[in-house]
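Colleague: Just the structure for this:
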Amino acid sequence: MGLFDQLANQVLGGGEGQASLLQLAQKLMQEEGGLQGLMVQLQQAGLGEQVSSWLGNGANLPVSPEQIRDAIGGDTLAQLAGQVGLSTEAAGQGIADYLPQLVDRLSPSGVLQGDDPLRQQGMAILDGLFGGNR
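Modeller: This next block holds a predicted model:
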């Protein structure tokens, strides 16, 4: 089991929902230009304080499913959720619940960098897990 899988299991727990949320995360990152692109989009949608807290050393500020839907776009979220077999509500809730923790753990130095080996490994694992389902 790779490091990203271990982190995802710690954050998401096991089970059927985990696979759908991991698949949703991969599709969302592809759609938005990777994790950094998603963070930029969230910041531009007024969630800069939350994103900064996820990258920083303090407590992670929460984000609501509605804020996620508004930042990503309701149609985009619905389309991606449908592709992985989740309702739009479940997708928004899952992203709101788990994205702050994943970003926090994928940025141990407080910064997501383009050459971050952990992020690259995580995306490679996601590609391997779900590459055949695209």
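Colleague: residues in contact with Gln67?
Modeller: Ala45, Leu47, Gln50, Ala96 (C-beta atoms under 8 Å, 6 or more residues apart in numbering). C-beta: built from backbone N, CA, C; applies to glycine.
Colleague: Does the last one belong to a helix, a strand or coil?
Modeller: What DSSP: H, G, I helix; E, B strand; the rest coil gives for Ala96 is helix.
Colleague: Touching, it and Pro65? I think so.
Modeller: Yes - the pair Ala96 and Pro65 qualifies as a contact (C-beta atoms under 8 Å) at a distance of 4.7 Å.
Colleague: Helix, strand or coil: sort out Ser53 for me.
Modeller: Classified using three-state DSSP, Ser53 is helix.
Colleague: what's the helix or strand hosting Gln41 packed up against?
Modeller: Secondary structure assigned from DSSP states H and E places Gln41 in helix 34-42. Applying 3 or more C-beta pairs under 8 Å, 6 or more residues apart in numbering; DSSP states H and E, we find helix 34-42 packed against helix 16-32, helix 48-55, helix 65-72, helix 117-130.
Colleague: ok, Val40 - contacts?
Modeller: Counted by C-beta under 8 Å, 6+ apart, Val40 has contacts Gly33.
Colleague: Can you give me the pLDDT of it?
Modeller: Val40 carries a pLDDT value of 90.
Colleague: do Gly17 as well
Modeller: pLDDT, Gly17: 61.
Colleague: Got the phi and psi for the residue nearest to Ser20 when sequence neighbours are not counted?
Modeller: Nearest-residue entry for Ser20: Val84, 4.9 Å, with adjacent residues in sequence omitted and distances by C-beta to C-beta, 6 or more residues apart in numbering. Main-chain dihedrals, Val84, degrees, to the nearest 10: phi -110, psi 10.
Colleague: Quick check: Val84 touching Gln26?
Modeller: No - between Val84 and Gln26 there is no contact, the gap being 9.0 Å when judged by C-beta under 8 Å.
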